[in-house]
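>>> Provided below for reference: sequence and predicted model.
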Amino acid sequence: MTRLNLFLLVILIACALALITSQHKARKFYGELQKEEVLSRKLDVEWGQLQLEQSTWAMHSRIEAEATQKLGMQVPGPNRTQVILPHGERVAKPVTE
């Protein structure tokens with residue numbers, strides 16, 4: 001009977017150590033999960049800010065103002081504009097007076 005008791009004691013100690021190890025790992029992973037969720041929220045906020053900034057920089061009026069002021073570009077007059085259809089045909093120029 002003592003060998004059986006000794007065997008059961010060894011199994012009990014092994015199970016207790018396995019339980020302690022698994023709980024430690026679970027707590028460690030939960031802490032890492034919390035850190036990653038905080039980082040994810042920060043990155044979501046930054047992504048939203050970058051999208052807003054991109055939409056601001058890409059506004060047509062801003063691009064046109066930058067092209068006019070910094071590059072000296074101008075909108076061409078109607079006599080210098082041609083419309084070309086997908087098949088390569090040109091649309092007749094409007095008559096300007």
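On my side now, so go ahead. Numbering: from 1, shown residues only.
>>> tell me the mean pLDDT over stretch 12-30?
For stretch 12-30, the mean per-residue pLDDT is 97.
>>> CA-only coordinates of the helix or strand bottoming out on mean pLDDT in the chain, as CSV, when you get a sec.
Least confident helix or strand of the chain, by mean pLDDT, DSSP states H and E, is helix 60-69 with a mean of 88. What follows is helix 60-69, C-alpha atoms only, in CSV (Å, rounded to 0.1, in the frame of the first residue of the first chain):
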residue,chain,number,x,y,z
HIS,A,60,-9.3,69.2,-55.1
SER,A,61,-9.3,72.9,-54.0
ARG,A,62,-6.1,72.4,-52.0
ILE,A,63,-4.3,70.7,-54.9
GLU,A,64,-5.4,73.5,-57.3
ALA,A,65,-4.3,76.2,-54.9
GLU,A,66,-0.9,74.6,-54.4
ALA,A,67,-0.5,74.1,-58.2
THR,A,68,-1.4,77.8,-58.8
GLN,A,69,0.7,79.3,-56.0
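>>> Can you give the contact residues for it?
Outside helix 60-69, the residues that touch it by Cβ atoms under 8 Å, 6 or more residues apart in numbering are Thr56, Met73, Gln74. All C-beta spots, glycine's among them, are computed from the backbone N, C-alpha and C.
>>> burial count for the second one?
Just to be clear, that refers to Met73. If you count neighbours by other Cβ atoms under 10 Å, Met73 ends up with 11.
>>> Next up, the contacts around it.
Ala67.
>>> Next, it: secondary structure please.
Secondary structure, DSSP: H, G, I helix; E, B strand; the rest coil: Met73 is coil.
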